[in-house]
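Engineer: 3D, please:
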Amino acid sequence: MDFPLLVIFNDASSRRGNPFGLGDTDYSIKYNFLKEKEGSRRPAVTASLNIEPPTGNSKLQLGSGLIDYYLNGILQKTLSPKNTLRVNAGATFAGNTLTGAVGIKARGTTFTGGSSLTHQFTRKFDVGIEVYGGYTANLALGRGELQEQIGGNYEISKGLTVDFGAITGQAVGSPHYGFQIGFSKDF
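Structural biologist: Have a look, this model is predicted:
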């Protein structure tokens, strides 16, 4: 589960101000079908299902106002003891991927994909780079996403990390730039 706390900084001339508050809550379940084995060329294979009810205020652009249903497949391969490659592809079958002024605004099926490479600098500190994109079959919308992110996490205590990232995007549905910070807790 995640409960995003969002702040959106709009242009000073915008009448929207700078909305702040909780976004849409995301419930996710993952299943690992195939574990990676040391010495094998075969990657790990995992799938996830996400359901995101509209808990964020859509009038303030903190939520989509729709229930999203998203299915995702993930391949993961350890390249060396400190480097991991991940590739994923998925589809939103209902709802949309909109939060704030960014995202593909289409209702219906949206396809996504991405890849990332992470490096473990120390036992507690990881950094990675990611390329992510999205596409909707409704070409009349002229909407797509293509963005890159560099980020990482630092383990504060057992199972608790502070996570951070910087994003830049090129397509109409992508942010020009953005920053993320948050915490992750394993139970």
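Engineer: find the residue at the geometric middle of this structure.
Structural biologist: The residue lying closest to the centre of the chain (CA atoms, centre = their mean) is residue 132, at 8.6 Å.
Engineer: what's near enough to touch that one?
Structural biologist: Residues near residue 132 by CB atoms under 8 Å, 6 or more residues apart in numbering: 112-114, 145-149. Where C-beta positions appear, they are placed from N, C-alpha and C, glycine not excepted.
Engineer: and if we set it to 7 Å?
Structural biologist: Going by CB atoms under 7 Å, 6 or more residues apart in numbering, residue 132 touches 114, 147.
Engineer: quick check, it in a strand?
Structural biologist: Yes - assessed with DSSP: H, G, I helix; E, B strand; the rest coil, residue 132 lies in a strand.
Engineer: specify the beta-bridge partners of it.
Structural biologist: Counting by DSSP bridges, residue 132 is bridged to residue 114, residue 147.
Engineer: hang on, residue 175 packs against residue 149?
Structural biologist: No - counting by CB atoms under 7 Å, residue 175 stays clear of residue 149, with 10.2 Å between them.
Engineer: the residue sitting furthest away from the middle of the chain sits in which helix or strand?
Structural biologist: Using CA atoms, centre = their mean, the residue of the chain lying farthest from its centre is residue 39. It sits 30.2 Å away. Using DSSP states H and E, residue 39 falls within no helix or strand.
Engineer: from residue 64, how far out is it?
Structural biologist: From residue 39 across to residue 64, the span is 44 Å (CB to CB, to the nearest Å).
Engineer: before we move on, the earlier item: for the residue farthest from the centre of the chain, give its distance to residue 45.
Structural biologist: Relative to residue 45, residue 39 is positioned 17 Å away (CB to CB).
Engineer: and residue 187, by the same measure?
Structural biologist: 24 Å.
Engineer: neighbour count: those two, which is higher?
Structural biologist: Higher neighbour count among residue 187 and residue 45: residue 45, with 15 against 3, using other CB atoms under 10 Å.
Engineer: hmm, that one is touching residue 36, no?
Structural biologist: No - in terms of CB under 7 Å, residue 45 does not count as a neighbour of residue 36; the distance is 8.9 Å.
Engineer: which SSE is residue 128 in?
Structural biologist: strand 125-136.
Engineer: please point out which parts of that strand sit buried.
Structural biologist: Buried residues in strand 125-136, counting neighbours by 16 or more other CB atoms under 10 Å, are found at 126-128, 130, 132-136.
Engineer: who does residue 157 bridge with?
Structural biologist: The partner residues for residue 157, given DSSP bridges, come to residue 160.
Engineer: my bad, should have said residue 76
Structural biologist: residue 44, residue 86.
Engineer: same thing with the one 4 residues further on?
Structural biologist: In this entry, residue 80 is beta-bridged to residue 83, by DSSP bridges.
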